[in-house]
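Colleague: Sequence first, predicted coordinates after that:
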Amino acid sequence: MNAIYGLFTDSDSAGQAVKALRMASSRLHIKADGIVVISPEPIEERIADLPKERTPMPWLAALGGVLGGTAGYMLATFTQRTYPLPTGGMPIVSLWPTGIVMYELTMLGAILTTLITFLITARLPNYRKQLYDPGISDGKILVGVADPDCNCRAELEQQLYQEGAQLVKEFSNRRSDVEGEGQS
């Protein structure tokens, strides 16, 4: 991924930059999901144009719980029927021990599904170079465009400066660019 980004000092100017980039997206050949915003703190409420991302995590956790509970029921009943103990006229498959195993495996299924879903949606582990700037750690807000059109780079840089960017930089995660930096 290549990117051009600007560093902004406050969320108001960053919000104006996002709005201006969205309005100029057809002129600058910016894809709908190509605008990137990275900040040191949550700013979704202050910048209205940020897309609200939905996650399937609650539904997948519930499905994991149902599958875990079903596996718990099958495990408990299979075990109780495979090794029948003399119960003195009571049923071989008893309610309370089966319920305890079902409960525990329901929770285990929900927790493991949530953990796996989190790792997949967060793309962890990720060993590729990611878009980041040390200025974010100092409280600045990064607003940029991922994979911009080559013909519009200068105009995009000018647009970021007009909206109040303190500094505009380019980012590339290609191996040749990274290896070439140390050889100069």
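Modeller: Sure thing, it's come through.
Colleague: quick one: least confident helix or strand in this structure?
Modeller: Counting by mean pLDDT, DSSP states H and E, the weakest-scoring helix or strand in the chain turns out to be helix 175-181, with a mean of 47.
Colleague: May I have the secondary structure class of residue 42?
Modeller: Three-state secondary structure (criterion: DSSP: H, G, I helix; E, B strand; the rest coil) places residue 42 in coil.
Colleague: and residue 100, what is it in contact with?
Modeller: By C-beta atoms under 8 Å, 6 or more residues apart in numbering, the contact list for residue 100 is empty. The C-beta positions use only the backbone N, C-alpha and C, and glycine is treated the same way.
Colleague: tell me which element it falls in.
Modeller: helix 95-121 (DSSP states H and E).
Colleague: How far does stretch 85-104 stretch from one end to the other?
Modeller: Between the opening and closing residues of stretch 85-104 there is a gap of 23 Å (C-alpha to C-alpha, to the nearest Å).
Colleague: what do you get for stretch 78-90?
Modeller: As for stretch 78-90, its first-to-last residue distance stands at 17 Å under the measure C-alpha to C-alpha.
Colleague: Show residues contacting it.
Modeller: Counting by C-beta under 8 Å, 6+ apart, residues outside stretch 78-90 touching it are 92-94, 97-98.
Colleague: Now find how far off-centre that stretch is within its chain.
Modeller: 48 Å (C-alpha atoms, centre = their mean, to the nearest Å).
Colleague: before we move on, what about stretch 124-134?
Modeller: Put simply, stretch 124-134 sits 13 Å off its chain's centre (C-alpha atoms, centre = their mean).
Colleague: Show me which residues of that stretch are buried.
Modeller: Neighbour-count burial for stretch 124-134 flags 131, 133 (criterion: 16 or more other C-beta atoms under 10 Å).
Colleague: For it, the averaged confidence score.
Modeller: Looking at stretch 124-134 alone, the average pLDDT works out to 86.
Colleague: How about stretch 34-49?
Modeller: Averaged across stretch 34-49, the pLDDT comes to 81.
Colleague: Name the next helix or strand following the helix holding residue 100 along the chain.
Modeller: Taking DSSP H and E as the definition, the helix or strand that follows helix 95-121 towards the C-terminus is strand 141-146.
Colleague: got the CA positions of the next helix or strand after that following strand in PDB?
Modeller: Past strand 141-146, heading to the C-terminal end, the next element that is a helix or strand (DSSP H and E) is helix 153-162. Coordinates of the C-alpha atoms in helix 153-162 are reproduced here as PDB (Å, rounded to 0.1, in the frame of the first residue of the first chain):
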ATOM      1  CA  ARG A 153      -0.500  13.300  -5.900                       C
ATOM      2  CA  ALA A 154       0.500  16.900  -6.100                       C
ATOM      3  CA  GLU A 155      -3.100  18.100  -6.000                       C
ATOM      4  CA  LEU A 156      -3.800  15.800  -3.100                       C
ATOM      5  CA  GLU A 157      -0.800  17.100  -1.200                       C
ATOM      6  CA  GLN A 158      -2.000  20.700  -1.800                       C
ATOM      7  CA  GLN A 159      -5.500  19.800  -0.600                       C
ATOM      8  CA  LEU A 160      -4.100  18.500   2.700                       C
ATOM      9  CA  TYR A 161      -2.100  21.600   3.200                       C
ATOM     10  CA  GLN A 162      -5.100  23.800   2.500                       C
END
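Colleague: Alright, I will stop here.
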